[in-house]
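1. Sharing a model prediction with you, sequence too.
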Amino acid sequence: MAVAKSDASLQDKKGERLAWAFPLALLLPATALMLVLYAWPFVSSVYRSFLAKGGELTLANYQKAFELYFRDVVFSLEVAILSTIVAAILSITLSAYVRLSSGRLVKLISLLYRLPIFIPFVVVGQMMRTFLAPHGLLNIFLAQVGVIDLNAPLQLFNMQGLVLSFVWKQAPFMTLIILGGFQMIDDAFVEAARSVGANILQVILRVLVPMNRASISVAIILAFTSTVGTFTLPFMLIGGKIPTTVTVDIAHRVTYFGDWGVANALGVLMYLMVLIMAIYYLRYSVKKGIYEA
Amino acid sequence: MRTRHSVFSLLATVVILSLLAAQCGAPATPQTIVETVVVEKEVVKEVEKVVTLEVEKEVVKEVEKVVTKEVEKIVEVPAEEMELVYMTAGDVNMLALSQNLLAAEFKKIDPSVNLRSIHTGPGEAGSRLIFEKLMADKEAGKETGDVDVAMVHQVFLTWAMAEEGLLLKYAPDLETFQYVTASDAKNALGANVDGYVMPMFHSQTALAYDPAVVTDPPTSYEELVAWVQENPGKFGYNGIKGGMSGVSFTVGWIYWKSGNYEKYAVTGPFDEAEVATWQAGLEEMKDFNEYVTFTAGNVGTLDALNRGEIVMGPVWVDMFYTFMQEGKLNPDMKLIVPEPGMPGQPMYFIIPANAPHPEQAKQFVQYVTSPEVQGEVIIDRYNWYPGIDGKFVADAAPPEAFDRLYQDISPETLSSFGLSFPLADYFTAMLEAYERWVIGGGS
């Protein structure tokens, strides 16, 4: 009897050992993919940002990055933050409108707003180049209706124009995510708020938005990171301007100098910008969004 | 008794006869036979040898005939399938040129050649890829490489000529070599390339302006600075991060301020101390930029000119005329190269030393550098300056195309104001100097 019992407990232990390994085995393919496609390039680019052209370790790349491109780093951050804020406000407004209203117009809008999502940045860039130009469509239209003088047109090949283009491209994408969240909220909450006298603004700010913090954060983070990392649109709109974005500087370093050291150092500065958002996202949104809901 | 006797005599006869036979034959015959056989065998062997040789010769002849026929067949048949591998750097119009035009036209000359174009991309990076491919073939010890002929930027030659035996010195074998007179066919950014390259075309930067507004265009950088201060915002360029026309304008500025073109672009060598001498000139460019409209790239400058946002700006001559022909640019616009000049660059044909089909490659290069193709394709369709001397092309090019290309910038202006880009080290130093003293984007 005693022997049989110990056998059984031994098998239990074996089972426990397997149970310990099983989830890891399931995670392995996905983790391996992430390691090979993201973690390894990330680590190697951080490492290379400390390498001089001869291959020895150095801080010179960062020194040069700050000497020549610090203003562009700040500029990129400003553009990304500003366009994300504007796009977030726009997309929350649009989502709330589509969520709370009904009718043909809403249906049309909920179809149309998705279009920019499918237009690549390079096409947006080409479009904005003619739309925002000093004698482009927008300025000519404004001059026709008498708002501006075409001899002193709006200059939009700068931060304003860049923010406008990013908002045009990112707001629909954010709306897609946020509206999905809004539509998960039971009508009962909205009706309850209304029945105790809440106006539309209060419904949005005190019911819809707080109940959708997770989806809004996701939208903001995705929009912010892709804005920081976009090269084509800034290159086409303000490529040669002063200041310009870090992505343009990285391309410049590689194309004309073959200088991967400074290019990677600039890349690391971009990771840091994104990392701040990512940490916030991990600590705040995921915890609250997944474990509390 | 009688029978017995006859039987005995018969027996005796047989015995005697057999003895006789034995005596006559036995000791002699087998030896002779053996000898005869041996001799015969040797004779047969000899005969066989001779016969075999003869037969072999004939067989060989026959086989040779057959093989020759077969080989002729092979040469004939797959030659129709022969691929001439052509790698080209440059913008996508370079690919279109070889794929859509040169491949088809050259096939008319030599039906056996299928030109296979491989495009490696614009700028230095495109040439870099070709260089890396040739180096990989060389380092792998391949006696026969994969690339027959390639189209590269000047900077390629500074890398390739530093390698022993990477390129074929083929140009003197071509009939069209005698038409090549440009100095950059002998010297590319300091590398001696005489005989290794054939320029397909030259592209040049210049200032485009609207003569309706600018009646008296500035003829030098110095006059331009004065003009820009009188007409703020009306001159536009694309900086140095938005395309090569802006880079070219900046390089011209440094040539003007330093007065050291020869050293920077022709003779060298690179001298770090030169860089510091640019500071004052570039700080003046920073002031100059205050009066300037920044455009969105090479095309952005042309668009801004066309929309009347600016009335003057640096452009590539070929893009300028191509835009005009396509109706994307006001046809009244004109060009001028300000003194001391602005850079331009050729694109070169090179043939690798281990090219699999060097003869066909030479034929192809000879075809593209012929006055006919230079006139009809390079000048008329692409608005490039010809790779060979313009005077040999004058008769072959459609007169209106020739006049169009040379009306604003005469061949004389071109030869004195059409400068080269600086040597590679000076070039990167100039770009970084601009970032330091003109942009000044530091913390």
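-> Structure received.
2. Quickly find the element holding residue B:116.
-> Using DSSP states H and E, residue B:116 maps to strand B:114-121.
3. Likewise for residue A:85?
-> Element membership for residue A:85, per DSSP H and E: helix A:60-100.
4. List phi and psi for whichever residue of chain A sits closest to chain B.
-> Nearest to chain B in chain A, going by CB to the nearest CB, is residue A:240, at a distance of 2.5 Å. Yep, even glycine has a C-beta here, placed from its N, CA and C like the rest. When read as degrees, to the nearest 10, the backbone of residue A:240 gives phi -90, psi 0.
5. quick one: residue B:294 and residue B:239 touch, right?
-> Yes - at 5.8 Å, residue B:294 and residue B:239 qualify as touching, with contact defined as CB atoms under 8 Å.
6. any common contacting residues for those two?
-> By the contact definition CB atoms under 8 Å, 6 or more residues apart in numbering or on different chains, residue B:294 and residue B:239 are jointly contacted by A:240-242.
7. Need those residues in CSV (columns: neighbour count and pLDDT).
-> Below are the shared contacts of residue B:294 and residue B:239 laid out as CSV (neighbours: other CB atoms under 10 Å in any protein chain shown; pLDDT from 0 to 100):
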residue, neighbour count, pLDDT
A:240, 27, 80
A:241, 23, 84
A:242, 18, 84
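8. So which of these is the closest to residue A:139?
-> Using CB to CB, residue A:241 is the member of these that lies nearest residue A:139, at 17.9 Å.
9. Number of residues surrounding the spatially closest residue to the closest one that is not a sequence neighbour?
-> Once flanking residues are discounted, residue A:241 sits nearest to residue B:294: 4.6 Å by CB to CB, 6 or more residues apart in numbering or on different chains. By other CB atoms under 10 Å in any protein chain shown, 24 other residues sit near residue B:294.
10. Repeat that for the one 5 residues further on.
-> Residue B:299 is surrounded by 21 other residues when neighbours are defined as other CB under 10 Å.
11. check contacts around it.
-> Counting by CB under 8 Å, 6+ apart, residue B:299 touches B:243, B:319.
12. Now it: phi and psi?
-> Torsion angles, degrees, to the nearest 10, at residue B:299: phi -70, psi -40.
13. now it: how far from residue B:91?
-> Noted for residue B:299: a distance of 11 Å to residue B:91, by CB to CB, to the nearest Å.
14. can you give me phi and psi for the residue nearest to residue A:241?
-> According to degrees, to the nearest 10, residue B:294 has phi -80, psi 130.
15. Please name the bridge partners of it.
-> Per DSSP bridges, the residues bridged to residue B:294 are residue B:237.
16. wait, what's in contact with residue A:236?
-> Neighbours of residue A:236 in contact, by CB under 8 Å, 6+ apart: A:122, A:125-126, A:128-129, B:296-297.
17. In chain B, where's the longest strand?
-> In chain B, ranked by residue count with DSSP state E as the criterion, the top strand is strand B:198-209.
18. mind listing what residue A:185 touches?
-> A:99, A:207-208, A:211-212.
19. ranges for the helices of the stretch 151-300 of chain B?
-> Using DSSP state H, counting those that start in this stretch, the helices of the stretch 151-300 of chain B run over B:154-160, B:221-230, B:244-258, B:261, B:272-276, B:279-289, B:297-306.
20. can you check the stretch 151-293 of chain A too?
-> Using DSSP H, counting those that start in this stretch, the helices of the stretch 151-293 of chain A run over A:159-184, A:187-195, A:200-202, A:209-211, A:213-229, A:232-238, A:246-257, A:260-280.
21. Flag every buried residue along the second one.
-> Going by neighbour count (16 or more other CB atoms under 10 Å in any protein chain shown), the buried part of helix A:187-195 is A:190, A:193.
22. Kindly calculate the angle that it makes with helix A:159-184.
-> In terms of direction (axes from the mean of the first three to the mean of the last three CA atoms, to 10 degrees), helix A:187-195 departs from helix A:159-184 by 110 degrees.
23. before we move on, what about the last one?
-> Taking the same axes, to 10 degrees, one finds that helix A:260-280 is oriented at 40 degrees with respect to helix A:159-184.
24. do helix A:260-280 and chain B meet at all?
-> No - using CB under 8 Å from any CB of the partner chain, helix A:260-280 stays clear of chain B, coming no nearer than 10.1 Å.
25. Give me the contacts around stretch B:180-194.
-> Applying CB under 8 Å, 6+ apart, the set of residues contacting stretch B:180-194 from outside is B:154-155, B:157-158, B:161-162, B:171, B:197-199, B:202, B:265-269, B:345-346, B:348, B:369, B:387-389, B:420-424.
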